[in-house]
Structures are given as structure tokens and as C-alpha cells.
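1. From the sequence below, what's the structure:
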Amino acid sequence: MPDEGATVVITHRVREGQEAAYEEWLSEIGPVSRRSAGQLDWQIIRPVAGLTSTFTVIIRFDTREHLEGWMRSAERKRLIEKARPILEVDDDFRVRSGLEFWFAPEDAPSAIAVRWKQVLLSWSAIYPLVLGVPLAFRPAAAFVGLPANRYLDTLIVTGVIVFLMAYVVMPRYSRLVRRWLFA
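-> Below you'll find the model as predicted:
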């Protein structure tokens, strides 16, 4: 099977009052990470003000080897050391290959679910989204004056479905069925 890429999900709990220092640190480490071999994407999920202090950084690479090279690099180690005084707890990260991050809730065992269970779980989650999202999208798009265009509609609908799968459905669904998934 060809290399499916790899993703690292990094969580940092920032000390109260150190958010600006952390943002400054992100502006330093971001360009360094983007220059590393094989880096495809960098996303930051910021905390909700007054509710959480956790920043989540998601970095995608073309291969697991490139991701591991970045994670072990001297530049990253130096920058993590620089950030330690503003973090509540140490650097915490999880490395996943391909789409397996959908199937591993945070408290799941480190084992990876077997492929047939991943397929069945994905199918059962995607099916209702494929039925429901287009039904909701077209009336909403017409309401705001967006003309019907098969290609644009498909682009937006699939983007919404992928977003819902990655951030809403699969984290909750895989947590709900984790006993079966990892049995």
C-alpha cells in the first residue's frame, strides 16, 4: 500500500496570561515547520476565550518519515524548550498515518482499529451526511442567493461533510463505539 501521509496532533495548555507569548512563539515555529521536508499543511485550533487554555496544532506531512524527521529535529527541540515556561504541561502529541486519527479517541488504546471496522464505521457515518447535507445546503444556498451550480454545490457539500467527519462526527462516534472498534 502506498504511503498515506501522516498527521501529528499537538496540544499545548498555555499558562494563564501567557497567550500572547504563545502566539508569538507560534509565529516563530510556524515558518520553521513549514520549511521542513514534506510538510503539507499547518492548522491551529485556538482555545475558546474564558473556557479553555488549550491550543491544538495539526500538522500534515506527505510521509511518516518526514513527520518524524520534523518531530525529532534540533530546531523543533530548541523551540519546544523555549515554549516550556509558558506551558502548563509538557508538549503532548499524537502521530497518526492516513485517516486513522478518525478512529482513535484521545483516551483510546494505542492500537489501531482493523481496516474493516474503519471502513464500516466510516460508511455508517458518511451515509447520513451524504443524504442530509445536500438536502440542507441547496435551500440555504438559494436563500442567500447562491445560484445552483453542480460543481460548486458538490465542492461545498463535500467540504462540509469532510469537516463534519473530522471535527464533529468521528471524534464522538469513535468514542461511542471504542469497545467494539478496538476489540
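
2. in stretch 149-163, what counts as buried?
-> Buried residues in stretch 149-163, counted by 16 or more other CB atoms under 10 Å: 153, 156-157, 161. C-beta: built from backbone N, CA, C; applies to glycine.

3. Specify which member of these is nearest to Thr56.
-> Ile161 (21.3 Å; CB to CB).

4. what's the nearest residue to the closest one if we skip its chain neighbours?
-> Leu129 (4.8 Å; CB to CB, 6 or more residues apart in numbering).

5. Spit out the contact partners of the one you found.
-> Each residue near Leu129 by CB atoms under 8 Å, 6 or more residues apart in numbering is listed here: 161, 164-165, 169.

6. Now tabulate the buried residues of stretch 149-163 in TSV and tack on pLDDT.
-> Putting these into TSV (pLDDT from 0 to 100) gives the following:
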residue	pLDDT
Asp153	88
Ile156	91
Val157	91
Ile161	90
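
7. picking up where we left off before, please report the distance of the residue nearest to Ile161 from Ser27.
-> 36 Å (CB to CB, to the nearest Å).

8. ok, now Tyr151?
-> Counting by CB to CB, the gap from Tyr151 to Ser27 is 36 Å.

9. which non-adjacent residue is nearest the spatially most central residue of the chain?
-> Nearest to the mean C-alpha position of the chain, counting by CA atoms, centre = their mean, stands Ile58 at 5.2 Å. Spatially, and ignoring its direct neighbours in sequence, Ile58 is nearest to Gln43 (4.5 Å; CB to CB, 6+ apart).

10. tell me the contacts of the one you found?
-> By CB under 8 Å, 6+ apart, the residues touching Gln43 are 57-59.

11. hang on, the earlier thing: quick one: what helix or strand has the residue nearest to Ile161 in it?
-> Using DSSP states H and E, Leu129 sits in helix 115-143.

12. Pull out the buried residues from that helix.
-> Of the residues in helix 115-143, those buried (16+ other CB under 10 Å) are 118, 121-122, 125-126, 129, 133-134, 137, 141.

13. after that helix, next one along is what?
-> helix 150-164.

14. The helix or strand where the residue nearest to the centre of the chain lies: partners in the sheet, and parallel or antiparallel?
-> Using DSSP H and E, Ile58 sits in strand 54-61. Here strand 54-61 is paired, per DSSP bridges, with strand 6-13 (antiparallel), strand 39-45 (antiparallel).

15. Output stretch 130-149 as PDB, nothing but the C-alphas.
-> Taking Å, rounded to 0.1, in the frame of the first residue of the first chain, the C-alpha atoms of stretch 130-149 are listed here in PDB:
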ATOM      1  CA  VAL A 130     -24.300  12.400   2.200                       C
ATOM      2  CA  LEU A 131     -28.100  12.200   2.500                       C
ATOM      3  CA  GLY A 132     -28.700  15.100   4.800                       C
ATOM      4  CA  VAL A 133     -26.100  17.800   4.000                       C
ATOM      5  CA  PRO A 134     -27.200  18.300   0.300                       C
ATOM      6  CA  LEU A 135     -30.800  18.500   1.400                       C
ATOM      7  CA  ALA A 136     -29.900  21.300   3.900                       C
ATOM      8  CA  PHE A 137     -27.400  23.000   1.700                       C
ATOM      9  CA  ARG A 138     -29.300  23.800  -1.500                       C
ATOM     10  CA  PRO A 139     -32.200  25.600   0.300                       C
ATOM     11  CA  ALA A 140     -29.800  27.500   2.400                       C
ATOM     12  CA  ALA A 141     -27.700  28.400  -0.700                       C
ATOM     13  CA  ALA A 142     -30.800  29.500  -2.600                       C
ATOM     14  CA  PHE A 143     -31.900  31.600   0.400                       C
ATOM     15  CA  VAL A 144     -28.700  33.600   0.400                       C
ATOM     16  CA  GLY A 145     -28.900  34.000  -3.400                       C
ATOM     17  CA  LEU A 146     -26.200  31.400  -4.500                       C
ATOM     18  CA  PRO A 147     -27.200  30.100  -7.900                       C
ATOM     19  CA  ALA A 148     -27.400  26.400  -8.400                       C
ATOM     20  CA  ASN A 149     -24.100  25.000  -9.800                       C
END
